[in-house]
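> Dropping the sequence and predicted coords here.
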Amino acid sequence: MLAVACGSLGVSAATWWISQREGASVYWIVASLSALLFGLRAMSEARPWDKGDDGEWRAVRGLRELSDDYSAIRNWMAPNGKGDVDLIVTGPHGVLVCEIKNYGASYACEGDEWVNVKENGYRKRMKSPSRQLKSNVKNVAAFLRRNGHEVPVQGVLVLRPKCDVKLVAPTVPVVEWNRLEEYVRALPAASGPFDPAVFLPPEGDPGSSTHAA
């Protein structure tokens, strides 16, 4: 079964910090934890990336039928801090970098230029997900080379099914997340095996976890 590695919020670290305060009373610890959880709840209700996070999980779940030859790493951050990669899929093909967008409005793309098309026809320029993807592919490839891995690194932009987007000469592959598994299986095989452990944090790092999709 496909294995998935992902980051965690780090609440346990905050709890440890609170419990280690000199002379901390039980009441102070409980009150602090309550305030922390209240704040996290407010953030989760208001944060603009909720939809994106849901899209990432939907994309990962779409890969669950892949064999043990494949692995997926969510929210990978390069050690130099350049870019947060939504999803990396490793397997016989090498490395696939996925930029996932849970777009729910109307959009248009021409090359690397993307716009949000309003109901009145106004076209508002937006950050280009294709440029973002290509930057992430470049960063991942550079990271692998620095660690002695010469493997193919490709990229794909993953959108929600039936997303209202008009594509004209896109510069990157675009696929709906319910077709991602099919896309991954169709990728040509790389020249040799690749160990995805290079993407994982050091053993014992509390900021990550691995589980089946």
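That came through, no problem. Residues are numbered from 1 along each chain as shown.

> C-alpha only now, for contacts and for neighbours.
Will do.

> could you pull out the helices for this structure?
11-19, 26-46, 50-61, 129-146, 180-186 (DSSP state H).

> Please pull out the lowest mean pLDDT helix or strand from this protein.
Lowest on mean pLDDT, DSSP states H and E among the helices and strands of the chain sits helix 11-19, with a mean of 31.

> and the spatially closest residue to residue 76 that is not a sequence neighbour, how many residues sit next to it?
If the residues on either side of it in the chain are set aside, residue 76 comes closest to residue 85, at 5.1 Å by C-alpha to C-alpha, 6 or more residues apart in numbering. By other C-alpha atoms under 10 Å, the residues close to residue 85 number 23.

> ok, now residue 96?
Residue 96: 21 neighbours (other C-alpha under 10 Å).

> Could you check how far residue 191 is from residue 185?
Distance, residue 191 to residue 185, by C-alpha to C-alpha, to the nearest Å: 16 Å.

> So between those two, which is more surrounded?
Applying other C-alpha under 10 Å to residue 191 and residue 185 shows that residue 185 carries more neighbours, namely 15 against 12.

> Pull out the buried residues from stretch 80-92.
83, 85, 86, 87, 88, 89, 90, 91, 92 (16 or more other C-alpha atoms under 10 Å).

> Report the contact partners of the last one.
Residues in contact with residue 92 (C-alpha atoms under 8 Å, 6 or more residues apart in numbering) are 69, 70, 188, 189, 190, 192, 193, 194.

> which residue sits closest to the last one, ignoring its sequence neighbours?
This means residue 194. Nearest one to residue 194, counting by C-alpha to C-alpha, 6+ apart, is residue 94 at 6.6 Å.

> what bridges to that neighbour?
residue 91 (DSSP bridges).

> The residue nearest to residue 76 touches residue 96, doesn't it?
No - between residue 85 and residue 96 there is no contact under C-alpha atoms under 8 Å: 10.8 Å.
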